[in-house]
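Undergrad: Okay, predicted coordinates and the sequence, questions at the end:
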Amino acid sequence: MRQQPLKIVIVGGGTAGWMTAAAFAAVLRPEQRHIRLIESSEIGIVGVGEATLPHIRFFNRRIGIDEPELMAKTQATFKLGIEFVNWARVGDSYIHPFGAYGSKIAGVPFHHYWLRARGEGSDSSIEDYSLPIVASRMNRFALPSEDMTSVMSTFGYAFQFDASLYAKYLRGFAEQRGVQRTDAKIVDVQLRAEDGWVESVKLDNGETVGGDLFIDCSGFRGLLIEQALKTGYDEWTKWLPCDRAMAVPCENSGPLTPYTRATAREAGWQWRIPLQHRMGNGYVYGSNFISDDEAAAKLLSRLDGKPLADPRPLRFTAGRRRKTWNRNVVAIGLAGGFLEPLESTSIYLIQIAITTLLDYLTGNEGTRGQFDPRIVEAYNRWIEMEYDRVRDFLILHYHATERDDAEIWNYCRTMDVPDSLKHKMELFRRRARVVTYKDGLFLEPSWLAVYFGQRVMPTAWDPLTDAMDAAELQRQLQTVRDQVQSSVMRMTPHEEFLAKYCPAMPTSMGAGERA
Ligand SMILES: Cc1cc2nc3c(=O)[nH]c(=O)nc-3n(C[C@H](O)[C@H](O)[C@H](O)COP(=O)(O)OP(=O)(O)OC[C@H]3O[C@@H](n4cnc5c(N)ncnc54)[C@H](O)[C@@H]3O)c2cc1C
């Protein structure tokens, strides 16, 4: 990196702003950077975003976050997957697990053997071969084993946490590492006359803050990337028709489940995210299909416990910014784009933007914050790829339904989907093959979970499975089922595990503080 410290201005102090601040402060040496974060407590944060993906653990590890401490201070629970209820047909339930189904036999993915056995009359469910699914159904948890020969190594886990406490925790972490925070509202953005790059932002306290690199974490308003730079937005509402949500916490009732639930409803779907101190709930819906008042009433009538607040309305447009890195502004979080929360992907997209930016930044910046345009382009391509992959996966849930009992499902079932998704579904239907890729989110087990769960069934499978005789096939499948069952029986009830590993701490404490 260059000699002068890079002056980084982060605009916004929600999950995106504080994750960025924490990571930059932890990864770049103090002499390499000067980080200033500006947030407005008057505007506040979106405050939802409570379910995560296993990748967050790599982020925590890279920047040195202590997992039990983070979990204790954010009232977190463990998450082994997402249960989808009523998606293909009313009454259906399947879990998208964070882990594999069985393991390859003679180089052939396990599900081909399961399909063959099914074709021969076996009635076992694919879920019986997934440890995180069986553990979820039995409310049990244990940390995965590092012994790769053990069935206990076949899963990962994520967290369900309180989003406001998470931002607060990260703020403590970042401030301890030298990030300077200012609570003020940005009222103007000044662009450099010669090239239109952002030179400085003006605050409502009269101060002007200049920088080399501006990271726009200002949420849906996209203060720098859109309002100042007019970057443009690719909208995907025709494929992802939900554009609003009502969010409301309620009291916990019953055991804390180690998974998030997404229940398809008459105009969208409802989330249920169990935390140690409360349950997070929300109704994500399309404004073409239900009114706000009706959505709020439906949500309140379907809570597990007493509501702890009034339903809070949120509006959004599915899509992404045409470039998330434009001139010297990088948009991260809601300022960069939004894909609805069905698969809890937003925090992942924040994380990947941060780590990719950190990797691309090193050695890239020159004098006066000039960035190599080839690096900027490569970064933008990468982020586009991440968004596109998530988009197709989300559309699959809506499109592959047999439901015809509501307008939204009729629309989604019959809509034209992106060619990239058509190709994936066709390949799966004909050959049971999942399009695989090296980078990006959602690998084979995730696609399998949703294909099978949404009743997309292949008509053929790998003929190499025929090398095994029928009795041996039955024996091998039984062995996997037994291993999964007996391992889950040795796991601990989820709440008991939480009580030992990360008992909730008072919500007033930040990173590094001890009870
Ligand atoms: C309904 C819904 C459910 C979701 N569920 C999930 C989930 O389960 N999992 C998941 O991963 N993600 C989820 N998300 C996404 C997640 O909430 C966001 O990705 C995350 O909270 C990041 O938000 P943010 O930091 O980009 O924006 P925000 O939280 O909106 O923060 C914006 C910041 O910018 C500041 N700001 C704005 N304008 C100014 C100004 N003029 N001057 C100074 N400061 C300013 C604000 O004060 C604030 O600090 C969900 C989102 C929605 C809408």
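TA: In hand now; what should we look at?
Undergrad: so who does the closest residue to the ligand within the stretch 301-450 of the chain touch?
TA: Nearest residue of the stretch 301-450 of the chain to the ligand (Cβ to the nearest ligand atom) works out as G333 at 2.4 Å. Yep, even glycine has a C-beta here, placed from its N, CA and C like the rest. Neighbouring residues of G333 by Cβ atoms under 8 Å, 6 or more residues apart in numbering: G12, G14, T15, A16, G17, C217, G219, S346, I350, A353.
Undergrad: now swap in W114 and tell me
TA: Y101, G102, S122, S124, I126, Y129, L477.
Undergrad: Quick check: chain neighbours aside, which residue is closest to the fifth one?
TA: The one in question is I126. Closest residue to I126 apart from its sequence neighbours, by Cβ to Cβ, 6 or more residues apart in numbering: F452 at 5.2 Å.
Undergrad: Help me confirm that that neighbour comes into contact with Y129.
TA: No. Look at F452 against Y129 with Cβ atoms under 8 Å: they stay out of range, at 11.1 Å.
Undergrad: Tell me who's in contact with the residue sitting nearest the centre point of the chain.
TA: Using Cα atoms, centre = their mean, the residue of the chain that lies closest to the mean C-alpha position is T345, 2.2 Å off. By Cβ under 8 Å, 6+ apart, the residues touching T345 are L53, L339, V390, L394, L441.
Undergrad: So Q485: helix, strand or coil?
TA: For Q485, the assignment made with DSSP: H, G, I helix; E, B strand; the rest coil gives helix.
Undergrad: Touching, it and V134? I think so.
TA: Yes. Between Q485 and V134 there is a contact under Cβ under 8 Å: 6.7 Å.
Undergrad: Spell out which residues of this structure are next to the ligand.
TA: Contact residues, the chain versus the ligand (Cβ under 6 Å from any ligand atom): 12-17, 38-40, 43-46, 48-52, 163, 185-186, 217-219, 221, 223, 245, 247, 282, 314, 316, 333-335, 341, 344, 346-347, 350.
Undergrad: Narrow the residues you listed to those that are buried.
TA: 12-17, 38-40, 45-46, 48-52, 163, 186, 217-219, 223, 245, 247, 282, 316, 333-335, 341, 344, 346-347, 350 (16 or more other Cβ atoms under 10 Å).
Undergrad: V417: what's it in contact with?
TA: Residues in contact with V417, defined by Cβ under 8 Å, 6+ apart, are W239, D392, I395, H399, M425.
Undergrad: switch to 10 Å and redo it
TA: By Cβ atoms under 10 Å, 6 or more residues apart in numbering, V417 lies in contact with K238, W239, D392, I395, L396, Y398, H399, A400, K424, M425.
Undergrad: Mind telling me the two of these farthest from one another?
TA: Spatially, the most separated pair among those is K238 and K424, at 18.6 Å (Cβ to Cβ).
Undergrad: what about those two, which has more around it?
TA: Taking other Cβ atoms under 10 Å, K238 and K424 do not tie; K424 has more neighbours (20 against 11).
Undergrad: Pull the contacting residues for the nearest residue to the more buried one once chain neighbours are set aside.
TA: Leaving aside its sequence neighbours, K424 sits nearest to V435 (Cβ to Cβ, 6+ apart; 4.7 Å). By Cβ under 10 Å, 6+ apart, V435 lies in contact with D392, S420, L421, H423, K424, M425, E426, L427, F428, E444, W447.
Undergrad: what's around the residue nearest to I126, how many residues?
TA: F452, neighbours per other Cβ under 10 Å, totals 21.
Undergrad: Any figure for the gap between it and V435?
TA: Distance, F452 to V435, using Cβ to Cβ, to the nearest Å: 16 Å.
Undergrad: ok so, going back, output the contacts of T345 as JSON lines; include the columns secondary structure, pLDDT and distance to E495.
TA: Converted to JSON lines, those look like this (DSSP: H, G, I helix; E, B strand; the rest coil; pLDDT from 0 to 100; distance: Cβ to Cβ, whole Å):
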{"residue": "L53", "secondary structure": "coil", "pLDDT": "97", "distance to E495": "22"}
{"residue": "L339", "secondary structure": "coil", "pLDDT": "96", "distance to E495": "32"}
{"residue": "V390", "secondary structure": "helix", "pLDDT": "95", "distance to E495": "31"}
{"residue": "L394", "secondary structure": "helix", "pLDDT": "98", "distance to E495": "31"}
{"residue": "L441", "secondary structure": "coil", "pLDDT": "86", "distance to E495": "29"}
